[in-house]
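>>> need a structure here:
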Amino acid sequence: MQLHPELRSLHTNGALTESEWENTHFSSDAIGLLLSNPNDYIDSLGPEWDADLDTLPFNALAHLARYLPQLQEPKAPLREALRSTLEKHADEKVELIIEAGCSVGADLHTLSQKARRVIGFDAYITPLRYALKHITGQSFSIPQRNEGRGFSFAENELSPQRLSNVSLICADALDPPFLPECADIVVAMNLLDNVPCLAMYLSKHQSNLYGEYVQ
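Numbering: from 1, shown residues only. Alright, predicted model coming up:
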């Protein structure tokens, strides 16, 4: 991912500098961690942090088995609702859309058609790694839960379209690494029920917003 001018330093609150970007922690897939305590975050993940995607632990596979099927359902009601809302509020392409809690990237294709640039972020690196595969056009299989603690991967292989205007970062929705008034649209799908303090979350993202708010 490139250094976007809208990114904020979590230490100075000013624009993220080239030096800070070069010293950012990156996953094995080159996803940047813009977190206040990246070392603690990496330690909390343990082996999952740099595990091959085919050797992920049970909890990670269970999470993916729940969310990756969204990529197979582009016409699901929630996906259609987002498209309808964007058509209503964004007649032309805007400069920047930020998606908070983008997870595996089910809405990134829709957003990429409405903006010159899209930055998706999530606090969990593992679904972001699959989102990266999705936006770079890599095929992959979706884990399906079997009885007990087993998973199968034989079916549901996806071959997504490459999205050249989408970037991903790992970041906290309650401490978003963006400068004030940097975005035209901020999208939060399936996130509002996962943050511990809704008022704080909304105030944080309101400061990033210039234009419309979609939730």
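>>> pull the longest helix from the chain.
Secondary structure of the chain per DSSP state H: the longest helix is helix 77-89.
>>> mean confidence for that one?
Averaging pLDDT along helix 77-89 yields 92.
>>> With stretch 14-34 instead?
Here the average pLDDT along stretch 14-34 is 95.
>>> Look at it and report the distance between its end residues.
14 Å (CA to CA, to the nearest Å).
>>> Convert the C-alpha atoms of the longest helix of the chain to PDB, please.
What follows is helix 77-89 as a C-alpha-only set of coordinates in PDB (Å, rounded to 0.1, in the frame of the first residue of the first chain):
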ATOM      1  CA  PRO A  77     -30.000  -7.200   0.700                       C
ATOM      2  CA  LEU A  78     -27.200  -5.400   2.600                       C
ATOM      3  CA  ARG A  79     -25.000  -5.100  -0.600                       C
ATOM      4  CA  GLU A  80     -28.000  -3.800  -2.600                       C
ATOM      5  CA  ALA A  81     -28.800  -1.300   0.200                       C
ATOM      6  CA  LEU A  82     -25.300   0.100   0.000                       C
ATOM      7  CA  ARG A  83     -25.400   0.400  -3.800                       C
ATOM      8  CA  SER A  84     -28.800   2.100  -3.600                       C
ATOM      9  CA  THR A  85     -27.600   4.600  -1.000                       C
ATOM     10  CA  LEU A  86     -24.500   5.500  -3.000                       C
ATOM     11  CA  GLU A  87     -26.600   6.000  -6.200                       C
ATOM     12  CA  LYS A  88     -28.800   8.400  -4.200                       C
ATOM     13  CA  HIS A  89     -26.000  10.400  -2.600                       C
END
